[in-house]
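Chemist: Need the 3D shape of this:
(one chain, ligands or ions: 1)
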Amino acid sequence: MSSLIVPDVRLHKSWLEGTAEFQGVHLDGAGAEAVGAEQWPLAELRDPDTFRRFTSALIADALPDAQRMEGYVPCTYRWIVDSDTFLGSIALRHELNEYLLQEGGHIGYSVRPSARRQGHAASALRGILPVAWTLGMDQVLLTCDESNAGSRATIERNDGVYEDSRNGKRRYWISRA
Ligand SMILES: CC(C)(COP(=O)(O)OP(=O)(O)OC[C@H]1O[C@@H](n2cnc3c(N)ncnc32)[C@H](O)[C@@H]1OP(=O)(O)O)[C@@H](O)C(=O)NCCC(=O)NCCS
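Modeler: Residues are numbered from 1 along each chain as shown. Alright, predicted model coming up:
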C-alpha cells in the first residue's frame, strides 16, 4: 500500500536511493529539473542542506507568489511512499500555459523502477485528484507519449477521457464527479 505525503527531509536517504534507480532518466513530477528559481542537479541533492532547501522549494511552489522560473506555473508536489520508503513523485500544476495545454498537462508522475507494476501510479493519480478539486479545478488534463503504455493505462484506469493526440502525446481529461 502506498500513500501521498508532503515532501519531507526525513526521507533523504530513501529519496536518493529511489532516484538513483532512474539512472539519469528524467524524473517526471519530481521537480528536480527546476523548482522555485533554481535547478537542482541530482549530485547536489546529496548534500543535506541542499536537499532541505529543495524540499522547502517543492512545498513553497504551491504558493501563487513563490519565485519560479519563466514558463513555470504554481504546482503542488507529493511523494509516493510506503511508510518511510520513497516510491515516486507526483506533481499537480495549478494552471495550464500554452505548452502544458498542448503537451504537458496538469499532472506528472514517476515511480522508481523497483516499485513499478504494483498499482502505485494509478493510486497516486487517484489520490492527487481531490487536491485538484479542492483548488477549484473542474477537470484536469493528463498527457502521455503514444508509446508509454504504463502511463496510458494509469490514466485510463482513472477514467481519463481521450480527447486527441498532439505532437505524439495522447491527451486525456479527468473530470470532477
Ligand atoms: C508510467 C509509470 C508511472 C507507471 O507506474 P506504475 O506504478 O508501474 O503503474 P501501476 O502499477 O499503477 O499500473 C497502472 C496501470 O498501468 C499498467 N502498466 C504499468 N506499467 C506498464 C507497462 N510498462 N506496460 C503496460 N502496462 C503497464 C498496469 O498494468 C496498470 O493497468 P491495469 O490497472 O489496467 O492493470 C512508471 O512506469 C514510470 O515511472 N515510468 C517513467 C515515468 C513516466 O513515464 N511517467 C509518466 C509520464 S506521462
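Chemist: from what I can see, Leu4 looks like it's in a strand, true?
Modeler: Yes - counting by DSSP: H, G, I helix; E, B strand; the rest coil, Leu4 is part of a strand.
Chemist: and it, how many neighbours?
Modeler: Residues within reach of Leu4, counting by other CB atoms under 10 Å, total 18. Heads up, the C-betas are built off the backbone N, CA and C, glycines and all.
Chemist: For it, which residues are in contact?
Modeler: Arg78, Trp79, Ile80, Val81, Ile90, Ala124, Gly127, Ile128 (CB atoms under 8 Å, 6 or more residues apart in numbering).
Chemist: swap in Phe54?
Modeler: For Phe54, the contacting residues are Gly31, Ala32, Val35, Trp40, Leu45, by CB under 8 Å, 6+ apart.
Chemist: Kindly recompute the last result at 10 Å.
Modeler: 7, 9, 12, 15, 30-32, 35-36, 38, 40, 44-45, 47 (CB atoms under 10 Å, 6 or more residues apart in numbering).
Chemist: Let me see the ranges of the strands in this protein.
Modeler: Taking DSSP state E, the strands of the chain run over residues 3-5, 75-82, 85-93, 107-111, 139-145, 161-166, 169-175.
Chemist: Comparing those strands, which comes out most buried?
Modeler: Mean neighbour count (mean count of other CB atoms under 10 Å) peaks for strand 107-111 among the strands of the chain, with a mean of 25.
Chemist: Against which helices or strands is that one packed?
Modeler: helix 12-20, strand 75-82, strand 85-93, helix 120-134, strand 139-145, helix 149-157 (3 or more CB pairs under 10 Å, 6 or more residues apart in numbering; DSSP states H and E).
Chemist: Mean confidence (pLDDT) on the last one, please.
Modeler: Taken as a whole, helix 149-157 has an average pLDDT of 98.
Chemist: Next, the angle strand 139-145 makes with it.
Modeler: For helix 149-157 against strand 139-145, the angle by axes from the mean of the first three to the mean of the last three CA atoms, to 10 degrees is 160 degrees.
Chemist: gap between helix 149-157 and the chain center?
Modeler: Mean-position distance between helix 149-157 and its chain equals 15 Å (CA atoms, centre = their mean, to the nearest Å).
Chemist: okay, the strands of the chain in JSON lines with distance to Thr19 next?
Modeler: Formatted as JSON lines, those follow (distance: least, CB to CB, whole Å):
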{"stretch": "strand 3-5", "distance to Thr19": "16"}
{"stretch": "strand 75-82", "distance to Thr19": "11"}
{"stretch": "strand 85-93", "distance to Thr19": "8"}
{"stretch": "strand 107-111", "distance to Thr19": "9"}
{"stretch": "strand 139-145", "distance to Thr19": "21"}
{"stretch": "strand 161-166", "distance to Thr19": "29"}
{"stretch": "strand 169-175", "distance to Thr19": "24"}
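Chemist: Lovely, talk soon.
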